[in-house]
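A.B. asks: Kindly generate the corresponding structure for this input.
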Amino acid sequence: MDLLTFISGIGTILATFTGLFITYRNIIKELKKNREVRFEDINNNINNIYKEIIGIKKEIKNIRAENKDTELDRLRESILTFSDRLRIREKVNYNLKENAFQVVFENFEKYKKLGGNGYIEQEMEFIEKAFKEINQ
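C.D. replies: Numbers count the residues shown, from 1 in each chain. Okay, the predicted model is just below:
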């Protein structure tokens with residue numbers, strides 16, 4: 001093998017390695033780019049999900065507030081209706097007397113826990129007085 005053939009062989013090997021190196025470098029760049037794009041997509045998806053969760057939490061908070069208001073209205077109406085019946089001396093079935101009063105007392109406790117106002121307290125004083133009179 002002469003020197004020219006040897007140098008030519010080394011040149012071919014260097015050219016091949018250079019080509020492989022450039023190809024490898026391009027593949028690495030593409031993989032990094034793909035990884036960055038995927039990461040950005042995942043990050044965007046996470047942000048979108050987070051925004052949806054925040055929206056759902058707000059909706060849940062609104063629904064809870066609406067439910068609380070509805071429950072307060074229902075309890076208030078129940079207590080006021082019972083108080084009105086007592087005021088007009090509407091007869092209550094004897095077997096239900098204590099149960100009816102007990103339900104009203106329980107409703108009042110729920111009403112207070114939900115943050116009901118003092119107006120109902122005046123009605124409850126009247127109901128408690130009537131309960132005491134009936135049970136004497």
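A.B. asks: in the chain, which spans are helices?
C.D. replies: Along the chain, counting by DSSP state H, helices occupy 3-87, 97-113, 119-134.
A.B. asks: Redo those as JSON lines? Include mean pLDDT.
C.D. replies: As requested, the helices of the chain are exported to JSON lines (pLDDT from 0 to 100):
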{"stretch": "helix 3-87", "mean pLDDT": "89"}
{"stretch": "helix 97-113", "mean pLDDT": "88"}
{"stretch": "helix 119-134", "mean pLDDT": "87"}
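A.B. asks: how's this protein carved up into domains?
C.D. replies: 1-34, 67-136 (automatic domain parsing).
A.B. asks: Go through the ones you listed and pick out the most buried.
C.D. replies: Per residue and on average, the most neighbours among the domains of the chain fall to domain 67-136, with a mean of 14 (mean count of other Cβ atoms under 10 Å). The C-beta positions use only the backbone N, C-alpha and C, and glycine is treated the same way.
A.B. asks: Can you check the distance spanned by it, start to finish?
C.D. replies: 39 Å (Cα to Cα, to the nearest Å).
A.B. asks: re the thing from before, minimum distance to Ile49: which of the domains of the chain has it?
C.D. replies: Smallest distance to Ile49 across the domains of the chain (Cβ to Cβ): 22.3 Å, for domain 1-34.
A.B. asks: Now do the same contact list for Ile28.
C.D. replies: For Ile28, the contact set (Cβ atoms under 8 Å, 6 or more residues apart in numbering) is empty.
A.B. asks: Since that was my last question, I'll sign off now.
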